[in-house]
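# one predicted model, sequence on top.
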Amino acid sequence: MRVLIVDDERPARDKLRRLLEQEPDITAIGEARDGVDALEQLPVFAPDLLLLDIQMPEVSGLEVAASLPAPAPLVVFVTAYDDYAIRAFDANAIDYLLKPYDLQRLRRALDRVRARLPQAAQMVAPAATMGLPPSALAGAAAAAAAALPVPTLPVPAQLLVPERGGMRVVRVQDIQWIETADNYVVLHTADGQPLMRQTLAGLLDKLGPRFVRCHRRAAVQLDWVTGLEALGKGKGDGELLLRGGARVPCSRQFRHEVVARLQAGNVNNADSPHRHPGSPHDAGP
């Protein structure tokens, strides 16, 4: 297993490295001093697991996790604050370590990772399970993972998009709509259309309820929608009209969900700066 430690504090990185070095199935340990450094190292280091601090200056661990390219490494968050356990974040965030943690707690998190990485689980087990056959090791790791609570964390405020020579910060509230483009998604904003190596479904899981899928190749942020226009009689297909003039396809398959969400109002984002009088979110059902 290849592990990348991401933390802006060297003592925290040193502690994790010392503990990880006691695990015989960990074949490589890398370190990143911040979120940008981590994203830049991903293509070369190719980690199986990120041990990712949440509270970091400029770019948080949540924003790094939301910006991971597909296929993404597994993520275990590391935090000093238990108030981050608010709501489900993403399937790849399989656990979080609350500081201060010990070797036993870290091993529980690693067992959950091993359950997601069967090849690692079958190679080597923690000391407590030495001597068991590979099938039993895999079962023990899966049982340990199932016994742990599912980590819950808030959605990010911004995404980091790798660009030539650096990173571009895209505020989530500025994303009007998203469309697929082969192995990428296009983030449509007023300032451009940056590309992320990500699946549409995976990104929507990370961005939370403010976005809704409207087409197999597109999704919109509800706060940007001003209307829905039908295309032809009886077909059910249409276009969503967005502030700024964009028109986004809305297929019959997704129309009912979109209309229901617009009628109900985007209650999960009542404080959004994009709400304005006369928007669909201010209208009753």
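Received, thanks. Residues are numbered from 1 along each chain as shown.

# touching, Gln158 and Arg168? I think so.
No. Look at Gln158 against Arg168 with CB atoms under 8 Å: they stay out of range, at 10.1 Å. No exception for glycine: its C-beta is placed from N, CA and C like everyone else's.

# so the two - more neighbours on which side?
Neighbour count, other CB atoms under 10 Å: between Gln158 and Arg168, Gln158 has more, with 18 against 14.

# list the buried residues of the helix or strand harbouring Asp14.
Secondary structure assignment for Asp14, by DSSP states H and E: helix 10-20. For helix 10-20, burial by neighbour count (16 or more other CB atoms under 10 Å) applies to Ala12, Arg13, Lys15, Leu16, Leu19, Leu20.

# what stretches of the stretch 51-200 of the chain score poorly on pLDDT?
82-93, 118-154 (pLDDT under 70).

# try 50
85-91, 120-130, 132, 134-135, 137-138, 141-142, 144-146, 148, 150 (pLDDT under 50).

# please enumerate the strands of it.
Assigned by DSSP state E, counting those that start in this stretch, the strands in the stretch 51-200 of the chain fall at 74-79, 93-98, 158-163, 166-171, 177-181, 184-188, 195-196.

# for the third one, buried residues please.
Residues of strand 158-163 classed as buried under the neighbour-count rule (16+ other CB under 10 Å) are Gln158, Leu159, Leu160, Val161, Pro162.

# chain neighbours aside, what residue packs nearest to Ile178?
Counting by CB to CB, 6 or more residues apart in numbering, Ile178 lies nearest to Ala219, which is 4.9 Å off, once chain neighbours are set aside.

# check Met167 too.
Leu160 (4.8 Å).

# now do the same contact list for that neighbour.
Gly35, Val36, Leu39, Val59, Glu63, Val64, Ser67, Met167, Arg168, Val169, Val170 (CB atoms under 8 Å, 6 or more residues apart in numbering).

# what count of nearby residues applies to the fourth one?
Around Val59 there are 21 other residues, counting by other CB under 10 Å.

# pLDDT wise, what is the nearest residue to it once chain neighbours are set aside at?
Spatial nearest neighbour of Val59, chain neighbours left out: Gly35 (3.5 Å); criterion: CB to CB, 6+ apart. You'll see Gly35 listed with a pLDDT of 90.

# quick one on the thing from earlier: pull the number of nearby residues for the residue nearest to Ile178.
There are 24 residues near Ala219, going by other CB under 10 Å.

# swap in Thr27?
For Thr27, using other CB under 10 Å, the count is 13.

# hang on, it packs against Arg2?
Yes. Here Thr27 reaches Arg2: they are 6.2 Å apart, a contact under CB under 8 Å.

# where does the closest residue to Gln176 other than its chain neighbours fall, phi/psi-wise?
Closest residue to Gln176 apart from its sequence neighbours, by CB to CB, 6+ apart: Trp224 at 4.6 Å. Dihedral pair for Trp224: phi -90, psi -10, per degrees, to the nearest 10.

# please begin residue numbering at 48 from this point
I'll keep to 48 as the first residue from here, and by that count the last item is Trp271.

# in contact with Trp271, which residues?
Per CB under 8 Å, 6+ apart, neighbours of Trp271: Gln223, Trp224, Leu289, Arg290, Gly291, Ala293, His321.

# centre-most residue in this structure?
Nearest residue to the geometric centre of the chain (CA atoms, centre = their mean): Ala113, 3.5 Å.

# using PDB, write down the CA coordinates of the helix or strand where Ala266 lies.
According to DSSP H and E, Ala266 maps onto strand 265-268. Written as PDB, here are the backbone C-alpha positions of strand 265-268 (Å, rounded to 0.1, in the frame of the first residue of the first chain):
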ATOM      1  CA  ALA A 265     -25.200  17.600 -17.500                       C
ATOM      2  CA  ALA A 266     -26.200  18.900 -14.000                       C
ATOM      3  CA  VAL A 267     -27.100  22.400 -12.800                       C
ATOM      4  CA  GLN A 268     -26.700  24.400  -9.600                       C
END
